[in-house]
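[1] Sequence first, predicted coordinates after that:
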Amino acid sequence: MQEKLLEVEDLTVSFGRGKFRVVDGVSFTLGREKLGIVGESGSGKSMTGKAVLRLLPGGATLEAKRLQHQEVDLLTADERQMRDIRGRRISMILQDPKYSLNPVVRVGEQIAEACRLHQHVSGQEAAERAVEMLAAVQIREPKRVFDLYPHEISGGMGQRVMIAMMLVTEPSILIADEPTSALDVTVRYEILQLLDGLVSRSNLGVVFISHDLNLVRRFCDRVIIMYAGRIVEALAADRLEDAEHPYTRGLLAAVPRIHAPRRRLQVLTRDPLWMEAPGVRAP
Amino acid sequence: MISLNNLVVEFGAGAGAVRAVDGVSLEVASGEVYGLVGESGCGKSTVLRVLAGLNASYRGEVRLGGQALPQKRDKTFHKQVQMVFQDPYGSLHPRQSVNTQLMEPILIHQLDNAHTRITGALESVGLSQDFRFRYPHELSGGQRQRIAIARVLVLEPEVLLLDEPTSALDVSVQAEVLNLLADLREARGLTYLLVSHDLGVVAHMCERLAVMERGRIVEEMSRDRLVQADVQHPYTKRLLEASDALGEGRAVVEAGR
């Protein structure tokens, strides 16, 4: 059995004193692997990612039997411990770099700041590491880009900066919430290849949250499919063709194909039973 | 039905001017579905906005049904050509009921039989009459896009300009809306000009397509050529390769993994 980086058991996120369960009894573990969480809007996939870092919006209640990151119990950790974990041991990349970068701080500074705060190195050393990191995310002139502001760089470059910022602290888990959904397809491909290379080199655990089943199956080792706050199916990425749950099959069939066009797209018929059936425990 | 001849659109003036559309020419036959594909900033939406009359400062010739159109379009044009936008959260008025919003084109064009038109439009997008008195926040993304389409259908146009009509929707909802658009075209003999960044959507919907890069059409082709991956231009190849690598992929790509 490989090392467990994250153990989630019976995670529930609810609003209105348990009335509305947006995440409903989700269980999974993460090793040094790439785990995909797929679902449509409102399926609870992003909330699951945020719950791990206890970054839920006000009014949300988090409950779980277990939420463990190595030796740290994330359920009982106080805010100070959580601050040490967020960004240093567990990093998060969000969808749109336009909103997640500080618009009035040079991008290099922002990477150096992450490094300075979490690794307690001098300003100069942090700046040097930031430049190295910019080079690692394949930015051609890292010294020049260091001094640019977020509005001066493209979306793809912004996402490279985000990745650099999240990996400079050498975390053991990376949570990527739709990291490429705001990007054009050719840029998306480049960023995913880059992320794939960096992740396998530094051997960390990745939770990759996306609505795009095809993309996730190409990028991840395992895939969890969420519907209405529950895990309806969990399987190896290369065995997605053998998916049994009608929701997973419906999602796969609804995607228009470039090289195999059909006269009509298959439409998903939602069975109310899906919302009642107990969630699947992902190994 | 639609013909563009050497369309040029520039934003800004003098040395800082940006040529967003740089000599685009295309022909769309009556009843055809024509796709315009490209990545952000390639000018595809600008072409569509010029056609719709939302951008009057352009050079070149725009023809509809053989007739050259003036820069400033008149009402008859807008009755014939209507546009559906990407984001139904932005294109519907948040404080007006569906009924009020479906009424608006009828009032503008001073049409009669308002009631029949509205009920008919709702019916053709597959929504019940109950929806007339709902507000946008009470609707799902897919229902909103259906309402946006219904609002366009009220005028019984001949041409629909579709600007990324499903990219804000989940795949299962996208399938419903694309099927609806296909059915409407068949039933009413509509002509579509569809702008999308998604090659899958374009391959599904369009008979012909043009690939745009930096304001120019770099390649025009039939659906069959796209399906068989018989593309010539390096940019089209790159686009297709990335789409394949992240999408369902071709047999070749599959084997390579």
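    Thanks, I have it. Residues are numbered from 1 along each chain as shown, chains lettered A, B, ... in the order given.

[2] contacts and neighbour counts: CA atoms only from here.
    OK.

[3] Residue 109: neighbour count?
    Going with chain A. Burial of A:Glu109 is recorded as 21 neighbouring residues (other Cα atoms under 10 Å in any protein chain shown).

[4] I was thinking of chain B, sorry if that wasn't clear
    For B:His109, the neighbour count with other Cα under 10 Å is 13.

[5] Check A:Glu241 too.
    Applying other Cα under 10 Å, I find that A:Glu241 has 11 neighbouring residues.

[6] Wait, a strand at it?
    No: in this structure, A:Glu241 is helix, not part of a strand, as judged by DSSP: H, G, I helix; E, B strand; the rest coil.

[7] and it, what does it touch?
    Neighbour list for A:Glu241: empty [criterion: Cα atoms under 8 Å, 6 or more residues apart in numbering or on different chains].

[8] any idea how far it is from B:Tyr89?
    34 Å (Cα to Cα, to the nearest Å).

[9] Please apply the same query to A:Thr248.
    A:Thr248 sits at a distance of 27 Å from B:Tyr89 (criterion: Cα to Cα).

[10] Please apply the same query to A:Ser41.
    A:Ser41 sits at a distance of 14 Å from B:Tyr89 (criterion: Cα to Cα).

[11] next one: A:Glu128
    Counting by Cα to Cα, the gap from A:Glu128 to B:Tyr89 is 44 Å.

[12] Who has more neighbours out of the two?
    Relative neighbour count places B:Tyr89 above the other of A:Glu128 and B:Tyr89, with 18 against 15, counting by other Cα under 10 Å.

[13] which strands and helices sit next to the stretch of helix or strand the more buried one belongs to?
    Using DSSP states H and E, B:Tyr89 sits within helix B:88-91. Counting contacts by 3 or more Cα pairs under 8 Å, 6 or more residues apart in numbering or on different chains; DSSP states H and E, helix B:88-91 is packed against helix B:141-153.

[14] Enumerate the residues of the stretch 151-283 of chain A near chain B.
    A:184-186, A:189, A:211, A:214-215, A:218, A:250-251, A:254-268 (Cα under 8 Å from any Cα of the partner chain).

[15] Tell me the pLDDT of residue 33.
    Since you didn't name a chain, this refers to chain A. If you check A:Glu33, the pLDDT there is 93.

[16] my question was about chain B
    B:Val33 is assigned 96 on the pLDDT scale.

[17] Would you mind extracting the C-alpha trace of stretch B:187-194 into CSV?
    Output of stretch B:187-194 as CSV, limited to C-alpha atoms (Å, rounded to 0.1, in the frame of the first residue of the first chain):
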residue,chain,number,x,y,z
ALA,B,187,-38.2,22.6,-38.9
ARG,B,188,-37.7,26.2,-40.0
GLY,B,189,-35.0,26.0,-42.6
LEU,B,190,-32.8,28.5,-40.7
THR,B,191,-29.3,29.5,-41.7
TYR,B,192,-26.8,29.4,-38.8
LEU,B,193,-23.4,31.1,-38.4
LEU,B,194,-21.9,29.5,-35.4
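
[18] Can you tell me what sits against it?
    So stretch B:187-194 is in contact with B:1, B:28-36, B:157-164, B:184-185, B:202, B:206, going by Cα under 8 Å, 6+ apart.

[19] ok, of the residues you listed, which come out buried?
    B:1, B:28, B:31-36, B:157-164, B:185, B:202, B:206 (16 or more other Cα atoms under 10 Å in any protein chain shown).
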